[in-house]
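Peer 1: Provide a 3D model corresponding to the input given below.
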Amino acid sequence: MLCLQFPCLLTLIPQYCVSSSNTTCVCHSAELVGAMRPCVYSACNITEALRLQKFQQDSCGVKNDNSRKSYLFRQTWTIIALSVFFVGLRCIARLRLGAGMGIDDWAMVAALNSYIITTAFALMALKNNFGQHTYYLTTRELTESLKVS
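Peer 2: Numbering: from 1, shown residues only. I've put the predicted structure just below:
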């Protein structure tokens, strides 16, 4: 049973917006959203709640924002490149000066390796379309992304 069929959802819209055809009110009323939230949480499972959120976004003309995915992808690779560059530069400078690698230098290299491994998992999640609204993900994409998170 779709959670839209629960009475509390059907009674809240007329209470706050007079009619469900009043899309301006239904789409922009913070009071309605606040009143619907506990009803949705109690009446819907997570899949139904996400479908309801997607339905609301589609009905109100909110476009799917995939730009976060490409932004996160570029940002992640930029930070990895800068990290490798600066840690490498530090190690080269220490060796050329004859100072050798101290414990702090080895700690930086270990931290960089740990960061790269962690970031690889984030990139795998991005590959599975993480970085866009959860309700646009298929069950398989969501499952795969959560596995690598």
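
Peer 1: for the nearest residue to residue 87 once chain neighbours are set aside, helix, strand, or coil?
Peer 2: Counting by C-beta to C-beta, 6 or more residues apart in numbering, residue 87 lies nearest to residue 112, which is 4.9 Å off, once chain neighbours are set aside. Just so you know, the C-beta spots here come from the backbone N, C-alpha and C atoms, and that holds for glycine as well. For residue 112, the assignment made with DSSP: H, G, I helix; E, B strand; the rest coil gives helix.

Peer 1: show me the contacts for residue 112.
Peer 2: Contacts for residue 112 (C-beta atoms under 8 Å, 6 or more residues apart in numbering) come out as 83-84, 87.

Peer 1: Report pLDDT for it.
Peer 2: Residue 112 carries a pLDDT value of 95.

Peer 1: Likewise for the one 3 residues further on?
Peer 2: The per-residue pLDDT reported for residue 115 equals 94.

Peer 1: pretty sure residue 73 contacts residue 123?
Peer 2: Yes: counting by C-beta atoms under 8 Å, residue 73 sits close enough to residue 123 to count as a contact (7.3 Å).

Peer 1: Count the residues that sit near residue 17.
Peer 2: 19 (other C-beta atoms under 10 Å).

Peer 1: same check, this time on residue 51
Peer 2: The tally of other residues near residue 51 (other C-beta under 10 Å) stands at 16.

Peer 1: Quick check: which element contains it?
Peer 2: Using DSSP states H and E, residue 51 falls within helix 46-59.

Peer 1: ditto for residue 98
Peer 2: With DSSP H and E as the test, residue 98 turns up in no helix or strand.

Peer 1: Spatially, what comes nearest to residue 26 if we skip its sequence neighbours?
Peer 2: Spatial nearest neighbour of residue 26, excluding adjacent residues (C-beta to C-beta, 6+ apart): residue 17 at 5.3 Å.

Peer 1: Now do the helices in the chain.
Peer 2: 7-17, 23-28, 30-43, 46-59, 67-96, 103-127, 139-148 (DSSP state H).

Peer 1: between those helices, which one is nearest to residue 133?
Peer 2: Within the helices of the chain, the stretch nearest residue 133 is helix 46-59; the backing value is 7.4 Å (C-beta to C-beta).
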